[in-house]
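Student: build me a structure from this.
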Amino acid sequence: MSASMNRVFLCGNLTRDPETAQTASGATVCKIRLAVNETFRGKDGETREVATFLDVTAWGPLAERCGQFLGKGRQVLVEGRLYVEQWTDRETGKQRQQVRVRADRVGFLGGAPSAEGTPPRESRIVNRESRPAGGAAPHAPAATPAAQAPAGDAADLPF
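Tutor: Sure, this is the predicted structure:
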């Protein structure tokens, strides 16, 4: 048996506000689009910057917090795993697929900008098991990872 690992760590900025919704089964899902920039020097000596855009999906309490606290332009650190979403294109009828990231933890870096324009002071890492502020236990028992992220049930997504 060979070993395998599916783990990604990404640091970038949100390209738009998060989209949060409820599935038909009642699970909360949040989609964010992340721009990860790479700066390098080309053969001609010029500095170049290339952006890679990734779709990230969070489920359950993590999705609720992402929808509540994140916004366009916010810098985040995402820890998660890759998965492939497959569907049939409605216009062409062809099979399509896209690699996406399912978030297990999201770090809200830099804090929220203030109205006065002063720089933010704190960062916070939020994961699937995070408790509300103050460390109080949630009223409902934590959902299992399987309940938070239905395996391959993209048809259940409301967007």
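
Student: and the nearest residue to residue 69 once chain neighbours are set aside, how many neighbours?
Tutor: Leaving aside its chain neighbours, residue 69 sits nearest to residue 108 (5.8 Å; criterion: C-beta to C-beta, 6 or more residues apart in numbering). The way it works is simple: take the backbone N, C-alpha and C, and place the C-beta from them, glycine included. By other C-beta atoms under 10 Å, 20 other residues sit near residue 108.

Student: is it true that residue 108 touches residue 76?
Tutor: Yes - using C-beta atoms under 8 Å, residue 108 makes contact with residue 76 at a distance of 6.2 Å.

Student: what's the overlap in contacts for those two?
Tutor: By C-beta atoms under 8 Å, 6 or more residues apart in numbering, residue 108 and residue 76 have these common neighbours: residue 70.

Student: for the residue nearest to residue 69, phi and psi?
Tutor: Torsion angles at residue 108 (phi, psi; degrees, to the nearest 10) stand at phi -90, psi 100.

Student: measure it to residue 60 for me?
Tutor: According to C-beta to C-beta, to the nearest Å, residue 108 stands 17 Å off from residue 60.

Student: in this structure, which spans are strands?
Tutor: Counting by DSSP state E, the chain has strands at residues 8-14, 19-22, 28-41, 47-59, 75-88, 95-108, 124-127.
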